[in-house]
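[1] Here you go, sequence then predicted model.
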Amino acid sequence: MESQSQVLERLRTAFESRVTIPEKFRRTQLTNLMSMIKDNEEQIVNALHKDLTKPKFEAILSEVEIVMNELHCALSNLTSWMQPEYVSKNLATKLDECFVRREPLGVVLIIGPWNYPMQLLIVPLIGAIAAGNCVVIKPSEVSAATDNLITELIPKYLSKDCYAVVRGGAKETQALLKNRFDHIFYTGSQAVARVVLQAAAVHLTPVTLELGGKCPCLIYGRVNATAAAHRLVWSKFFNAGQSCVAPDYVLCSKATCDALVPALRQVLEDFYGSDIQKSPDMSRIVTPKHWTRLMGLLNRTKGKVVVGGEHDEKDRYIAPTVVVDVAEDDALMEEEIFGPILPILTIESLEESIKLTKTKEKPLAFYVFSDESSVVKKVLENSSSGGFCSNDGIVHMALPGLPFGGVGNSGFGHYHGHWGFEAFSHQRAVMLRGWALEKLNALRYPPYSDEKLSWLRWTTSPKSCSIM
Amino acid sequence: MSRPPSPTPARWFKALRRTRLGDPCLKTYPLESVDLLRRARVAFQAGRTLKENFRLAQLEAVVQMLEEHECDFVDALGRDLHKPRFETVVSELILVKNEALYAINNLKKWMQPQKVERNLSTTLDDCLVISEPLGVVLIIGTWCSPVQMCLVPLVGAIAAGNCAIISPSESTVHTTELLHRLIPSYLDNECFHAILAGLSDLPEVIELKFDHVFFTGNKEDGSKIALAAARTLTPVTLILGGKNPYVKARLVQALKCCLMEFYGSNPQESRSFGRIVNLEIFNRTRGILWRSGKVAVGGHVIEAEKYIAPTVLTDVAESDPVMQKEIFGPVLPILTVNNVDEAISFINKQEKPLCVYAYSTNGKVISRFMSETCSGSFCSNDCILQSVMVALPFGGVGASGMGSFHGRYSFDTFSHKKSCLLRSARFECVTYLRYPPFEDRNLSLMTWASSLSQKSQGWCQIM
């Protein structure tokens, strides 16, 4: 079995041979990746079910279709993405070619998480391949069945010289990070992100960090509680709440809360039936350790459980749970929940709610439900987050045209669609000069004179054009 | 409450000698940095920098500052680097002014939300990318272009709506003192501050937590900056250096003639030629010059003036001291290779530089150097010019840095691109398909719509 350094050497040799540069090669790899997903859809769904008890519907929607969309977007647009971008010129460069060229970075590392183990590994991989890089792929060992499947499939469909899967836990990942990469793309927690970033800093490796945060959901102004409940329940309890962009907590007035809770209860029953544990449409918590953490939060909360609360350790099941009368310093407000527990904090004024969110770190997503556009506008303009969505949750990340990424503690850099291509590219400024207009150039040569300086100054004044 | 312990005598003495006009400014201690950062944060939270008018006013103030104090800048850079007036005006003042004017002329456009393509489900919604400021950013300058490398990033930071703290280089004492003096007179006193921190103090300053750190300097210091930023999950832009190769044959004689034309027979007497910034760098450059290859042109040094003549070295070997690190002085080593393949191979063996330059009348040769090497930027048949064009990004790759700036790229560096989906709650006609209880027929409809979308680029995408 190959060691990590052997894998890296192989990929570096492949990159230096320039095999990943031609568009044809990248298209072939992306097409093969598409075949990999299509041919093995059933196995993918089964692996996800084994890891997370993910329902087939959720698996297809959020792990297969979204990946296929990104592949189609890349294949449809690759030619134009690879084109040089010509820029406006000044007087001195009028006869020259000035453009920005997108070049691959080299050998990049993509570290995937366990909650959407296909999507959050393969979508960055699409960007990296499209941009012409070689890639080391490190799936999460926590989602073991998907880890096994990816390890088996990638070498069957993609060039073995250019793409490799490296497996293991924390120890193996730390060893991997000692190597030098040309870019590291990490999705996961802030604690591990610090380790990744420090390891990268030693080699001056640029990093994209897709982290999480407590995504607030504000509900103010005129709002239809039932409509809001549908979208809120769907986005909160999809994947049993284990989404980095799931609404983490709700802020609303008492009146809204009183209207919302019965609506949530009803929608939960419409969606999952009266015995949710028996519904095939509800996922499970990924591991006993994560289940224990969530139960710890639920046990320590000083709020009141008004919906759900049922749990089953053996099944790693926690019912979709709604907790009201939650205070700012409650256990449920300490860290990102990442589970099917929805705390509701009652704050009468929108301004106070916005103020509360500003005391917290910038989250990956920010949600507001309201029929009043002035409320939406106020929240949008007075908050900062990776992304923003009004009157829905999660879906803003499904549009390839929108950049997906965090800000502040929720991460930096972004991807999806063209943004993914850019994330894994170096934008190289190129100027191809001719020999004409040398008289103009001579203005800048020594010996310097006041006369030359006046000419240069005149040509760079706002009414004129820049010469230099 | 007990009184804090008295400062040591040394600190008392320094405190008594507070900065007066014209005095070299003293180091900003970490406590002062904490206070300045707090003030900037409060100003940012209050929303001062968000409005377009505010940003325009600050940018115009930068232009005004450069215009009204041109003589002071020329004087300061002359004292720090013996920089000729021409170079100061062209490469430090006009360049920054151009960036500020470019930002002023384009700010409205840059601040506009960018609409993106929608799918079936979002066809009645607004899907936008909004550029929002990051918060309070730290800009660390360098001594080689002390005004440019502080103020060009500052222009980007202001345009993007941030507050900023700049830390000009401690090596260019007069220029740094000038910036310290002028910034409070021209820019908003709560949003923008200048500090003086040595490179060894900067990690401590960075750990106070900024929303972005922009650093220009060498690779070793860049790595320390990156490590400090990593501890607080702070994104960085690093503009580092590298050994920028330049490829051309039949050079030496042409260089001799050109140097004579530019600087006369004795460059020491030419008003158009500068000096090395300090003794440390002078000694280092002199050391590597004398231990590498053969001096074909120049080689003359005068320690008292920190003067090193424009020097060309030939018969340079790859293992010579001059080839080990970025030179950063007026010494040009020439290595000969047999052909283009060897040249490309040699360049690719080194770390990726900030720039690759290739001179040739043969377009195919230029094309090969461009496509077969990697660097921050590339220029054929000239040097540096690509890095002063406002429309081209300026930045490194690999060991020469990460991130870029100039023009629109500066604005983007200091912005967060927030994706926004503004939906209505009313139109459930398509959205309901995704709700549980999950049904195969709904899934089929959605995947069928997806397959349509895949032929027409995403429009029919339902999710």
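    Structure received.

[2] which parts of the stretch 151-300 of chain A sit against chain B?
    Contact residues (C-beta under 8 Å from any C-beta of the partner chain) of the stretch 151-300 of chain A with chain B: A:182, A:190, A:193-194, A:197-198, A:200-202, A:204, A:206, A:209, A:211, A:223-224, A:227-228, A:230-231, A:234, A:271-273, A:279-282. Yep, even glycine has a C-beta here, placed from its N, CA and C like the rest.

[3] And the helices in the stretch 51-200 of chain A?
    A:56-59, A:66-82, A:119-130, A:144-157, A:170-177, A:190-202 (DSSP state H, counting those that start in this stretch).

[4] so of the ones you listed, which one's packed in deepest?
    By mean neighbour count, with neighbours taken as mean count of other C-beta atoms under 10 Å in any protein chain shown, helix A:119-130 ranks first of the helices of the stretch 51-200 of chain A at a mean of 27.

[5] In contact with residue A:419, which residues?
    Residue A:419 makes contacts with A:127, A:403, A:404, A:405, as judged by C-beta atoms under 8 Å, 6 or more residues apart in numbering or on different chains.

[6] Buried residues in the longest helix along chain A, which are they?
    Longest helix in chain A by number of residues (criterion: DSSP state H): helix A:254-272. Using 16 or more other C-beta atoms under 10 Å in any protein chain shown as the test for burial, helix A:254-272 gives A:256, A:257, A:259, A:260, A:261, A:263, A:264, A:265, A:267, A:268, A:271, A:272.

[7] Pick the one among the residues you listed closest to residue A:439.
    Nearest to residue A:439 out of the buried residues of helix A:254-272 is residue A:256 (C-beta to C-beta; 72.6 Å).

[8] ok, and the closest non-adjacent residue to that closest one?
    Among residues not flanking residue A:256 along the chain, residue A:219 sits closest, at 5.3 Å (C-beta to C-beta, 6 or more residues apart in numbering or on different chains).

[9] sorry, back to before: the contacts of residue A:419: which ones sit near chain B?
    Among those, the residues within reach of chain B (C-beta under 8 Å from any C-beta) are A:403, A:404, A:405.

[10] Report the helix or strand with the lowest average pLDDT across chain A.
    Here the helix or strand of chain A ranked lowest by mean pLDDT, DSSP states H and E is helix A:438-441, holding a mean of 77.

[11] Figure out how far that one is from the centre of its chain.
    Its chain's average C-alpha position is 49 Å from that of helix A:438-441, according to C-alpha atoms, centre = their mean, to the nearest Å.

[12] Could you do stretch B:344-355 as well?
    Remark: stretch B:344-355 is offset 21 Å from the chain centroid, using C-alpha atoms, centre = their mean.

[13] and what of stretch A:434-443?
    Offset of stretch A:434-443 from its chain centre (C-alpha atoms, centre = their mean): 48 Å.

[14] What residues of stretch A:79-98 count as buried?
    Within stretch A:79-98, the residues that count as buried by 16+ other C-beta under 10 Å are A:81, A:82, A:87, A:89, A:90, A:92, A:93, A:96, A:98.

[15] Quickly check those for the two that are furthest apart.
    A:81 and A:92 (30.0 Å).

[16] How is the chain partitioned into domains?
    Reading this off chain A. Chain A breaks down by the TED database into domains covering A:4-212+A:412-426, A:216-405.

[17] Chain B, not that one
    Following the TED database, chain B resolves into domains at B:25-240+B:407-416, B:248-389.

[18] Check the gap between residue B:211 and residue B:352 for me.
    For residue B:211, the distance to residue B:352 equals 27 Å [C-beta to C-beta, to the nearest Å].

[19] Can you show me the helices along the stretch 251-400 of chain A?
    With DSSP H, counting those that start in this stretch as the criterion, the stretch 251-400 of chain A has helices spanning A:254-272, A:288-300, A:350-358, A:373-381.

[20] Next: the stretch 151-300 of chain B.
    Using DSSP H, counting those that start in this stretch, the helices found in the stretch 151-300 of chain B span residues B:173-186, B:202-206, B:219-231, B:252-263, B:279-290.

[21] For stretch A:104-111, which outside residues touch it?
    With contacts defined as C-beta under 8 Å, 6+ apart, stretch A:104-111 is touched by A:8, A:11-12, A:15, A:20-21, A:121, A:124-125, A:128, A:131-138, A:140, A:173, A:176-177, A:181-188, A:196, A:206, A:424-426, B:374, B:397-398.

[22] still on that earlier bit, give me the buried stretch members for the least confident helix or strand of chain A, please.
    Buried, per 16+ other C-beta under 10 Å, within helix A:438-441: A:440, A:441.

[23] distance between the helix or strand just after that helix and the chain's centre?
    From helix A:438-441 onward toward the C-terminus, using DSSP states H and E, the following helix or strand is helix A:450-459. Put simply, helix A:450-459 sits 50 Å off its chain's centre (C-alpha atoms, centre = their mean).

[24] got TSV for the helices of the stretch 51-200 of chain A, with mean pLDDT too?
    Below are those laid out as TSV (pLDDT from 0 to 100):
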stretch	mean pLDDT
helix A:56-59	94
helix A:66-82	95
helix A:119-130	97
helix A:144-157	97
helix A:170-177	95
helix A:190-202	95
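
[25] With just CA atoms, put stretch B:313-321 into CSV.
    The C-alpha coordinates for stretch B:313-321 follow below in CSV (Å, rounded to 0.1, in the frame of the first residue of the first chain):
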residue,chain,number,x,y,z
LEU,B,313,27.0,39.5,-12.8
THR,B,314,27.9,36.9,-15.4
ASP,B,315,29.1,33.3,-15.1
VAL,B,316,26.7,32.8,-12.3
ALA,B,317,26.1,29.3,-11.1
GLU,B,318,22.8,28.0,-9.7
SER,B,319,24.6,27.4,-6.3
ASP,B,320,25.9,30.9,-6.0
PRO,B,321,24.7,33.0,-3.0
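
[26] if we can go back for a sec, which phi and psi does the residue nearest to residue A:256 have?
    phi -130, psi 110 (degrees, to the nearest 10).

[27] for the host helix or strand of residue A:230, packing partners?
    Element membership for residue A:230 (DSSP H and E) is helix A:225-237. Here helix A:225-237 touches helix A:254-272, strand A:365-369, going by 3 or more C-beta pairs under 8 Å, 6 or more residues apart in numbering or on different chains; DSSP states H and E.

[28] thinking again about what came up before, now the helices of the stretch 51-200 of chain A as JSON lines including distance to residue B:82?
    Output for the helices of the stretch 51-200 of chain A, formatted as JSON lines (distance: least, C-beta to C-beta, whole Å):
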{"stretch": "helix A:56-59", "distance to residue B:82": "68"}
{"stretch": "helix A:66-82", "distance to residue B:82": "46"}
{"stretch": "helix A:119-130", "distance to residue B:82": "48"}
{"stretch": "helix A:144-157", "distance to residue B:82": "59"}
{"stretch": "helix A:170-177", "distance to residue B:82": "45"}
{"stretch": "helix A:190-202", "distance to residue B:82": "35"}
